[in-house]
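J.: below: sequence and its predicted model.
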Amino acid sequence: MNKKNNELKKLVKTVSRDWSLPTIEVWNKSFKDKMRQEIGWGFSEAVMINNKGLVSFYRLDDDQENYKFFILNKLKKDRNWLLTIYKKFKPKIKKLKLKTEQSLREISCLDKIPDDKIYKKFNAFIELFSAVLPVYLLFAWLWLWEEEGIFDNLENRKKVLDIMKKGRLISEGIYDPADRVILDIINIIANKYNIDKGLLKYATINEINNILSKHILPDNKELKLRKKQYILISDKIIIGKNPSIVLKNKKLFFREEKATSKINGQTAYPGKVEGKARIILTKDRVNLIKKGEILVTTMTTPDFIPAMKKAVAFITDEGGILCHAAIISREMKKPCIIGAKIATKVLKDGDLVEVDAEKGIVKILKRK
């Protein structure tokens with residue numbers, strides 16, 4: 001038997017979010033089929049693992065290097081490739097933002113319209129979101145790679161950087177409001193059919209459509225199990241099984257970042273403060289932070305703004321210089337360290353910590 005075929009392939013975590021299952025499904029397809037369709041390359045596998053409401057995204061370690069190679073070749077061979085993509089998707093991104101704003105304003109009216117119209121609105125929004133997301137992913141990664149310096153030797157580097165920045169800025173902040181629209185529609189449906197809102201967010205797109213078109217309700221027991229944990233892999237949702245075993249059967253494995261007492265990251269806004277840590281992983285917990293505490297999370301979103309106003313500093317596991325936490329920290333002029341990777345694993349609520357955003361270092365002064 002070929003030894004190479006028996007080797008396990010390593011998965012690497014990219015982000016963690018507390019989104020609804022329909023949003024997670026859109027992202028899963030975007031990593032693979034939609035990216036391949038829109039830019040000519042897609043990840044060979046994307047795995048999403050939910051653990052009590054926080055979903056971690058994984059992709060194959062080898063794919064990242066293959067993706068970089070593909071992008072670099074495209075930029076070298078066709079100077080107008082990135083500009084063409086930007087011009088093509090700029091109107092779609094603007095349309096998604098306008099549609100999102102409109103939907104959030106009009107959501108209260110949905111409970112007064114028939115199911116077939118909600119069905120059309122829901123699926124039209126999913127389709128638009130699906131069309132835009134692959135390009136958001138492209139520009140998000142491009143900017144992170146620029147920070148690594150992989151585009152330093154490009155002949156037209158200045159032009160590429162200008163398009164990259166425009167693409168990153170115009171597409172920033174599309175995903176959380178989009179999930180809010182999807183969640184609002186789910187909540188309207190939950191009210192109509194007397195379903196627990198906290199459970200219906202774990203229904204699939206097909207299950208939501210079945211409610212609206214056939215009045216078939218999803219299995220309540222299934223939704224409860226998904227809320228606790230699910231694995232989305234190869235377009236299938238698996239529940240009640242150990243993720244490591246499921247992945248091993250697929251010849252995959254993942255290894256979390258090793259937790260150490262040393263926390264380093266990138267400075268988004270300088271400064272040096274001390275305070276008690278407050279770990280907030282999902283937006284339904286933002287109200288727990290107290291004034292003067294240090295916000296520690298995977299990544300902030302607009303839902304975190306109230307918590308960020310109270311916090312004296314921010315620490316995130318993820319992010320680059322154009323991420324939400326970085327932008328808001330500069331606006332609020334609060335010390336911020338991004339890309340710390342293990343901060344949410346190492347720090348605990350109530351730990352006294354020093355955030356040295358001059359050097360990008362977090363020190364634990366006293367455990368709770």
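T.: Perfect, thanks for sending it.
J.: for Leu347, what are its contacts?
T.: 263, 277, 279, 296, 315, 353, 362, 364 (Cβ atoms under 8 Å, 6 or more residues apart in numbering). The C-beta positions use only the backbone N, C-alpha and C, and glycine is treated the same way.
J.: which one of those is nearest Phe304?
T.: Proximity of the contacts of Leu347 to Phe304 (Cβ to Cβ) peaks at Val296, which lies at 11.4 Å.
J.: what's downstream of the helix or strand containing that closest one, the next helix or strand?
T.: Element membership for Val296, per DSSP states H and E: strand 294-297. Remark: after strand 294-297, the chain's next helix or strand is helix 305-310, criterion DSSP H and E.
J.: sorry, back to before: adjacent strands (with direction) for the strand holding Val296?
T.: Strand 294-297 has the following sheet partners, assigned by DSSP bridges: strand 272-279 (parallel), strand 313-316 (parallel).
J.: of these, which is nearest Leu83?
T.: Counting by Cβ to Cβ, Leu83 lies closest to strand 313-316 out of the strands paired with strand 294-297; the figure is 31.2 Å.
J.: list the buried residues of that closest one.
T.: For strand 313-316, burial by neighbour count (16 or more other Cβ atoms under 10 Å) applies to 313-316.
J.: how about these in TSV, adding distance to Lys348 and pLDDT?
T.: Listed next are these as TSV, based on distance: Cβ to Cβ, whole Å; pLDDT from 0 to 100:
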residue	distance to Lys348	pLDDT
Ala313	17	98
Phe314	17	98
Ile315	13	98
Thr316	17	97
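J.: name the SS class of the closest residue in space to Leu161 that isn't next to it in sequence, please.
T.: The shortest distance from Leu161 to any non-neighbouring residue, by Cβ to Cβ, 6 or more residues apart in numbering, is to Glu146 (6.6 Å). Using DSSP: H, G, I helix; E, B strand; the rest coil, the secondary structure recorded for Glu146 is helix.
J.: quick one: Glu146 and Tyr136, what's the gap?
T.: According to Cβ to Cβ, to the nearest Å, Glu146 stands 16 Å off from Tyr136.
J.: what would the contacts of Leu347 look like in CSV with distance to Leu322?
T.: What follows is the contacts of Leu347, written out as CSV (distance: Cβ to Cβ, whole Å):
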residue, distance to Leu322
Ile263, 22
Ala277, 25
Ile279, 24
Val296, 21
Ile315, 18
Val353, 26
Val362, 22
Ile364, 29
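J.: show the buried residues in these.
T.: Buried subset of the contacts of Leu347 (neighbour count, 16+ other Cβ under 10 Å): 263, 277, 279, 296, 315, 353, 362, 364.
J.: gap between Ile71 and Leu217?
T.: 44 Å.
J.: just put the strands paired with strand 294-297 in JSON lines and tack on distance to Leu161.
T.: Formatted as JSON lines, these follow (distance: least, Cβ to Cβ, whole Å):
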{"stretch": "strand 272-279", "distance to Leu161": "31"}
{"stretch": "strand 313-316", "distance to Leu161": "24"}
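J.: tell me the domain ranges of this protein?
T.: Listed by automatic domain parsing, the domain ranges of the chain are 3-248, 263-366.
J.: can I get these in a markdown table including distance to Arg255?
T.: Converted to a markdown table, these look like this (distance: least, Cβ to Cβ, whole Å):
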| stretch | distance to Arg255 |
| --- | --- |
| domain 3-248 | 7 |
| domain 263-366 | 13 |
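J.: out of those domains, deepest packed?
T.: Counting by mean count of other Cβ atoms under 10 Å, domain 263-366 has the highest mean neighbour count of those, with a mean of 20.
J.: these two touch, right, Leu72 and Ile150?
T.: Yes: taking Cβ atoms under 8 Å as the definition, Leu72 is a contact partner of Ile150 at 6.9 Å.
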